[in-house]
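1. Sequence isn't available, so here's the structure alone:
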């Protein structure tokens with residue numbers, strides 16, 4: 001049975017969710033060993049979601065950065081507490097997922 005918004009939306013949403021999970025992991029890498037392992041993994045075992053999340057030509061990261069900057073400007077540059085920063089990061093990733101779902105859905109409809 002097709003979703004009310006179309007049969008391709010679940011696929012677009014699943015792809016967007018996978019890309020956001022990869023983007024989230026990419027953003028969380030601050031341990032040098034994890035960074036090196038992540039880079040090794042990306043280069044030797046690429047997945048479509050990882051490619052969409054980290055390819056500089058696609059620049060999915062820009063969606064996250066643009067929203068982060070907009071929120072920083074909205075609070076006049078004041079820093080969040082670590083708890084509030086985690087909440088904001090998750091909210092931004094949810095917004096990126098929503099936008100990617102729409103993007104991927106448009107591409108799937110065009111096929």
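-> In hand now; what should we look at? Note that the structure is predicted; figures quoted are calculated from it, not measured.
2. Which SSE is immediately downstream of the one helix or strand residue 11 maps to?
-> Per DSSP states H and E: residue 11 is located in helix 9-28. Beyond helix 9-28 in the direction of the C-terminus, DSSP H and E gives the next helix or strand as helix 32-44.
3. Give me the average confidence score over stretch 53-66.
-> In this model, stretch 53-66 has a mean pLDDT of 91.
4. And that stretch, what's buried?
-> Across stretch 53-66, burial judged by 16 or more other Cβ atoms under 10 Å covers 53, 54, 60, 61, 63, 64. Every C-beta, even on glycine, is put in place using the N, C-alpha and C of the backbone.
5. among those, which are in helices?
-> 53, 54, 61, 63, 64 (DSSP state H).
6. Is it correct that the second one is in contact with residue 64?
-> This means residue 54. No. Residue 54 is beyond contact range of residue 64, at 11.6 Å (criterion: Cβ atoms under 8 Å).
7. list the residues that contact both of the two?
-> residue 23 (Cβ atoms under 8 Å, 6 or more residues apart in numbering).
8. between the ones in helices among the buried residues of stretch 53-66, which is nearest residue 87?
-> Set against residue 87, the nearest of these by Cβ to Cβ is residue 64 (15.0 Å).
9. which stretches of the chain aren't confidently modelled?
-> 1-4, 29 (pLDDT under 70).
10. Spatially central residue for it, please.
-> When Cα atoms, centre = their mean is applied to the chain, the residue found nearest the centroid is residue 20 (3.0 Å).
11. Identify the spatial nearest neighbour of it, chain neighbours not counted.
-> residue 97 (4.3 Å; Cβ to Cβ, 6 or more residues apart in numbering).
12. Next up, the contacts around the one you found.
-> Going by Cβ under 8 Å, 6+ apart, the list of residues near residue 97 reads 13, 16, 17, 19, 20.
13. In JSON lines: these, plus distance to residue 74.
-> Formatted as JSON lines, the contacts of residue 97 follow (distance: Cβ to Cβ, whole Å):
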{"residue": "13", "distance to residue 74": "27"}
{"residue": "16", "distance to residue 74": "24"}
{"residue": "17", "distance to residue 74": "26"}
{"residue": "19", "distance to residue 74": "25"}
{"residue": "20", "distance to residue 74": "22"}
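14. If anything else comes up later, I'll come back, but that's it for now.
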